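*Asks:* Show me how the following folds:
(4 chains)
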Protein chains: 2
Amino acid sequence: MATLKYNPLKLDNQICFPLYAASKEVVKRYKPFLDPLGLTYTQYITMMVLWEHKELTVSKIGEYLKLDTGTLTPMLKKMETAGLVTRERSKKDEREMNVKITPRGMALRKEALKVPERIGSCINLTVEEALQLKALLEKII
Amino acid sequence: MATLKYNPLKLDNQICFPLYAASKEVVKRYKPFLDPLGLTYTQYITMMVLWEHKELTVSKIGEYLKLDTGTLTPMLKKMETAGLVTRERSKKDEREMNVKITPRGMALRKEALKVPERIGSCINLTVEEALQLKALLEKII
DNA sequence: TAAAACTATATTGCACACAATTTAATTTCA
DNA sequence: TGAAATTAAATTGTGTGCAATATAGTTTTA
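*Replies:* Take a look at the predicted model:
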């Protein structure tokens, strides 16, 4: 009798691929809600940590978001140009760059408040499933 | 008594963020195993569908991987240069580009066979948790 | 205290991702 | 059947991501 061998290199047998595809898919679903705010997804999560903490160094932002300076520096410069943040060297330690949210950046929070619920209704998971997913993902990170 | 309001814009309350972070993290963990094969993560999943199907059009590859031509065309050209695939216009329909795996590309499969188990031991999930995660992610896609 | 080690950010180079547009080939249908 | 619609790739432009390196400031320590 022929035995059907398990193929470890089949796309369908991967855990990485649905993770990769779902992540891109969700970021894409944010786009129509973020475009009116003038934010990309990466800028949106950056604003999230700034709405909460008001002022942070580049490396602190990088710690929260798990992004490196090669990604953050150019993006923060754009956000500065857009008037959402200011960038200033720390007086205490000139190596540090303090990124501070502006009143305009703070004001954007009101408009962003609708985003999470709108996204929620775009993602086909129950609250329980979402919590379960979150727990599993956090175990990986 | 003060009521602590739920903050929908807190990074910790997002489902999208752990998804985004975990996806990047897993792709990063593949790097040390894929570097010796001369493959990037995107090229690796492309090889997966080609190991299975041998010959596909660009759009079929895009369907499997959920990637568009702006991503695939330049990457497939690099893979052609690397001798992993050939690219040829379809005789039946000149609009289609047939991408075919080469013997060298096929031979790479043997070396790649160790990758999935090595990755498995890098990811801190039980088999049950991984299957659960996969099911939840596929519900999103 | 001055050289060495370390730290924070910036820069460079490479590889995606995708929206929007273009080009070329095929199919539809008036 | 021939113009219009559709389809498949390629191209262009913008925005990440990250490894590796560079630069400048701070701390450690011989």
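*Asks:* Give me the most central residue, chain A.
*Replies:* Nearest to the mean C-alpha position of chain A, counting by C-alpha atoms, centre = their mean, stands A:I45 at 4.0 Å.
*Asks:* That one is in what secondary structure piece?
*Replies:* Following DSSP states H and E, one finds A:I45 within helix A:41-53.
*Asks:* Same question for A:E88.
*Replies:* Counting by DSSP H and E, the element that carries A:E88 is strand A:85-89.
*Asks:* So which elements touch that strand?
*Replies:* Strand A:85-89 sits against helix A:69-81, strand A:97-101, with contacts defined as 3 or more C-beta pairs under 8 Å, 6 or more residues apart in numbering or on different chains; DSSP states H and E. Just so you know, the C-beta spots here come from the backbone N, C-alpha and C atoms, and that holds for glycine as well.
*Asks:* So it, near DNA strand D or not?
*Replies:* No: Strand A:85-89 does not reach DNA strand D (C-beta under 7 Å from any atom of the strand); its nearest approach is 7.9 Å.
*Asks:* Paired strands for that strand, with orientation please.
*Replies:* strand A:97-101 (antiparallel) (DSSP bridges).
*Asks:* C-terminal to the strand it pairs with, which secondary structure element comes first?
*Replies:* Downstream of strand A:97-101 (by DSSP H and E), the next one is helix A:103-112.
*Asks:* Quick one: list the elements packing against the helix or strand bottoming out on mean pLDDT in chain A.
*Replies:* Least confident element among the helices and strands of chain A, by mean pLDDT, DSSP states H and E: helix A:115-120 (a mean of 92). With contacts defined as 3+ C-beta pairs under 8 Å, 6+ apart, the packing partners of helix A:115-120 are helix A:16-34.
*Asks:* Could you measure from A:A82 over to A:P32?
*Replies:* 19 Å (C-beta to C-beta, to the nearest Å).
*Asks:* what about the very next helix or strand once past the least confident helix or strand of chain A and DNA strand D, touching?
*Replies:* Reading on from helix A:115-120 to the C-terminus, the next helix or strand found by DSSP H and E is helix A:127-140. No: interface with DNA strand D: helix A:127-140 contributes nothing (C-beta under 7 Å from any atom of the strand), its closest point being 13.3 Å away.
*Asks:* want to try a markdown table for the helices and strands packed on strand A:85-89, with mean neighbour count as columns?
*Replies:* Converted to a markdown table, the helices and strands packed on strand A:85-89 look like this (neighbours: other C-beta atoms under 10 Å in any protein chain shown):
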| stretch | mean neighbour count |
| --- | --- |
| helix A:69-81 | 14 |
| strand A:97-101 | 20 |
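*Asks:* Could you point out which residue ranges in chain A have low pLDDT?
*Replies:* A:1-2 (pLDDT under 70).
*Asks:* Nearest to DNA strand C: which residue in chain A?
*Replies:* Using C-beta to the nearest atom of the strand, A:S59 is the residue of chain A that sits closest to DNA strand C, at 2.6 Å.
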